[in-house]
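1. can you look at this prediction? I've put the sequence above it.
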Amino acid sequence: AAATHLDAVKRKAAAGDPESEATLWPAFAVAAKLAELDEANARNIARALEARSMLSEAGRAVRRFKPEQLAELARKLEGAAHLDAEALARRLDMLTTPEQQRSWLSRTMPGFRHGRDVFHEAWINMLLTNPVTHAANLTGTGLVTLWDLPETAAAGIIHELFFRGSEGVSRLEAGAKVRGLMEGLGDAFRLAAKVARSGEEVFAVGKVEIQPALSSAAFGWDAATVPGRTLDVLGGAVRIPTRALKAEDAFFKGLNYHMEIKALATREGVAEGLTGTALTRRVTELEIHPTPAMQAAAIDAALVRTLNADLGPTGQAFMNWANQIPGGRIVLPFIRTPTNSAKWFAQRSPVLNLIAAQNWTDIAAGGAARDKALARIALGSATGAVIAYEVAQGHITGGGSQDPNLRRLQRDPAVGVRPPYANKVGDTRYAYS
């Protein structure tokens with residue numbers, strides 16, 4: 001049995017056998033995992049006999065795991081426990097009875113995982129305690145949301161000029177989104193308040209990439225008991241920063257959902273060839289009772305504009321890799337939002353927008369996707385050209401000269417030259433940093 005093998009290896013490792021020290025962690029990983037499975041299966045009466053029969057034969061039990069899985073499990077445990085083989089052997093030797101050993105092993109795996117997850121949760125929330133972080137999130141998401149309005153208007157103009165008569169973005173959609181922005185504010189605030197109370201993500205996806213770890217549910221404790229309630233209260237206090245982030249995202253998700261539903265309703269009414277009162281009536285009907293396809297498209301749009309869209313295969317593989325590496329999510333606490341921010345920027349920035357794969361995919365797809373992609377390229381390039389011109393004229397300034405004396409002169413208001421990180425509007429310069 002796995003436990004018998006672990007006991008033999010443990011005794012040799014405690015005696016200082018180098019070969020046994022090397023094999024102790026894999027043996028410990030197998031025994032701990034099997035003990036955890038044994039205890040979990042024992043709670044299910046219908047499967048108890050079958051599970052214990054399987055676990056009683058070491059060969060059959062070990063075959064449930066691939067060799068590379070056992071090696072990975074041993075590596076993770078070794079990194080999480082911060083014990084060398086000799087120390088682990090001494091601790092195992094203190095458990096004198098088989099019942100003590102099996103009980104301790106069955107709790108070792110969840111204990112390591114909980115410890116790692118609790119530390120990760122505390123770390124993420126500590127990073128989010130800075131109000132500047134929340135201000136940046138609100139500002140960035142708000143600007144992305146507002147940017148969609150001129151971009152939609154540009155898409156409508158492009159469709160009217162080059163693709164009239166085919167399916168695409170209507171010139172009326174930008175106005176519909178402005179109406180959705182104004183009418184959806186109340187619902188967006190209510191949704192944010194609801195999320196602030198419950199802590200649940202809207203659309204089940206958000207910037208917080210971890211599940212609650214400091215809770216009675218995560219530890220398997222009864223929430224009705226004093227320890228369970230205490231743990232939930234403590235966890236709730238720790239998660240205040242992430243709950244605030246979820247509420248901020250909920251506000252913009254609700255707002256963007258309203259805007260997109262109204263735009264899609266307008267597009268559908270126009271596509272049906274309706275005008276005047278008939279168009280108004282049809283649009284109102286679709287806004288009140290959107291089709292499932294409209295709802296799905298509105299959810300996708302809300303996730304994209306709040307930088308919460310699902311990552312592609314490469315991004316998801318990278319996130320999984322970071323989750324597996326010990327301490328990976330400490331170094332990379334957020335992956336989805338920075339990745340989506342880079343994608344959003346690349347699809348609109350001059351030069352980069354011409355090589356962004358998503359733009360060309362949308363152009364090839366035709367219809368509204370084509371119109372939006374062309375609008376991203378056109379509006380982004382035009383905005384970049386305006387900024388470049390303003391910089392060349394000295395109306396927009398950066399950090400200034402690298403020479404300390406010249407930089408000090410540039411920052412002297414009495415001289416009347418260009419201050420750093422400022423934008424000139426009329427005769428007044430406004431700092432943007």
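-> Sure thing, it's come through.

2. show me what contacts the nearest residue to residue 302 once chain neighbours are set aside?
-> For residue 302, the nearest residue in space outside its immediate sequence neighbours is residue 256; the separation is 4.0 Å by CB to CB, 6 or more residues apart in numbering. From N, CA and C alone the C-beta is placed, and that goes for glycine too. Listed by CB atoms under 8 Å, 6 or more residues apart in numbering, the contact set of residue 256 reads 145, 148, 298, 301, 302, 305, 306.

3. try it again with 6 Å
-> 145, 301, 302, 305 (CB atoms under 6 Å, 6 or more residues apart in numbering).

4. which of those has the largest number of neighbours?
-> With neighbours defined as other CB atoms under 10 Å, the most crowded of the contacts of residue 256 is residue 302; it has 26 neighbours.

5. which residues of this protein score low on pLDDT?
-> Scanning the chain for pLDDT under 70 picks out the ranges 1-115, 326, 329, 410-418.

6. sorry, back to before: need the max-distance pair from the contacts of residue 256.
-> Of all pairs drawn from these, the one with the longest distance (CB to CB) is 145 and 301, at 10.3 Å.

7. residue 254 is in contact with residue 192, isn't it?
-> No - under the contact definition of CB atoms under 6 Å, residue 254 does not touch residue 192, with a separation of 7.3 Å.

8. what's the local residue count around the nearest residue to residue 179 once chain neighbours are set aside?
-> Beyond its immediate neighbours in the sequence, the residue positioned closest to residue 179 (CB to CB, 6+ apart) is residue 262, lying 5.9 Å away. By the criterion of other CB under 10 Å, residue 262 has 26 neighbours.

9. beyond the helix or strand residue 262 falls within, next helix or strand please.
-> Take DSSP states H and E as the rule and residue 262 turns out to sit in helix 240-271. Sequence-wise, the next helix or strand beyond helix 240-271 is helix 276-288, with elements assigned using DSSP H and E.

10. measure the nearest residue to residue 299 once chain neighbours are set aside to residue 191 for me?
-> Among residues not flanking residue 299 along the chain, residue 203 sits closest, at 5.5 Å (CB to CB, 6+ apart). With distances taken as CB to CB, to the nearest Å, residue 203 is found 11 Å from residue 191.

11. compare these two (neighbour count), which wins?
-> Regarding residue 203 and residue 191, a neighbour count based on other CB under 10 Å identifies residue 191 as having more, with 20 against 15.

12. list the contacts for the more buried one?
-> For residue 191, the contact set (CB under 6 Å, 6+ apart) comprises 250, 254.

13. which SSE is it in?
-> Here residue 191, judged by DSSP H and E, is contained in helix 185-198.

14. likewise residue 118?
-> Using DSSP H and E, the element containing residue 118 is helix 98-127.

15. ok, now residue 334?
-> Using DSSP H and E, no helix or strand contains residue 334.

16. tell me, how many residues neighbour it?
-> Neighbour tally, residue 334, other CB under 10 Å: 15.

17. and if you look at the one 10 residues further on?
-> With neighbours defined by other CB under 10 Å, the count for residue 344 comes to 20.

18. that one in helix, strand or coil?
-> Each residue gets one of three states, and residue 344 gets helix by DSSP: H, G, I helix; E, B strand; the rest coil.

19. next, the contact list for it, please.
-> The neighbourhood of residue 344, defined by CB under 6 Å, 6+ apart, contains no residues.

20. with residue 151 instead?
-> Residue 151 makes contact with 375, 379 under the criterion CB under 6 Å, 6+ apart.

21. switch the cut-off to 8 Å
-> Contact analysis of residue 151 by CB under 8 Å, 6+ apart lists 372, 375, 376, 379.

22. residues of the helix or strand it falls within that come out buried?
-> When elements are defined using DSSP H and E, residue 151 is found to belong to helix 131-162. Taking 16 or more other CB atoms under 10 Å as the basis for neighbour counts, the residues of helix 131-162 that come out buried are 134, 137, 140-141, 144-145, 147-149, 151-159.

23. next one: it to chain centre, how far?
-> Counting by CA atoms, centre = their mean, to the nearest Å, helix 131-162 is centred 20 Å from the centre of its parent chain.

24. so what secondary structure elements neighbour the next helix or strand along the chain from it?
-> Secondary structure here is assigned by DSSP H and E; on that basis, the next helix or strand after helix 131-162 toward the C-terminus is helix 173-183. Applying 3 or more CB pairs under 8 Å, 6 or more residues apart in numbering; DSSP states H and E, one finds that helix 173-183 contacts helix 131-162, helix 240-271.

25. among the ones you listed, which comes closest to residue 124?
-> Closest of the helices and strands packed on helix 173-183 to residue 124 is helix 240-271, at 6.4 Å (criterion: CB to CB).

26. got the buried residues for the closest one?
-> 241-270.

27. quick one: residue 424 is in a strand?
-> Yes - counting by three-state DSSP, residue 424 is located in a strand.

28. let me see the contact set for it.
-> By CB under 8 Å, 6+ apart, the contact list for residue 424 reads 394, 395, 396, 430.

29. look up how far residue 384 lies from the first one.
-> From residue 394 over to residue 384 the distance is 18 Å, taken as CB to CB.

30. just want to know which of these two has more residues nearby.
-> Between residue 394 and residue 384, residue 384 has the larger neighbour count (other CB under 10 Å), namely 16 against 10.

31. shouldn't the more buried one be in contact with residue 354?
-> No - taking CB atoms under 8 Å as the definition, residue 384 is not a contact partner of residue 354, at 11.6 Å.
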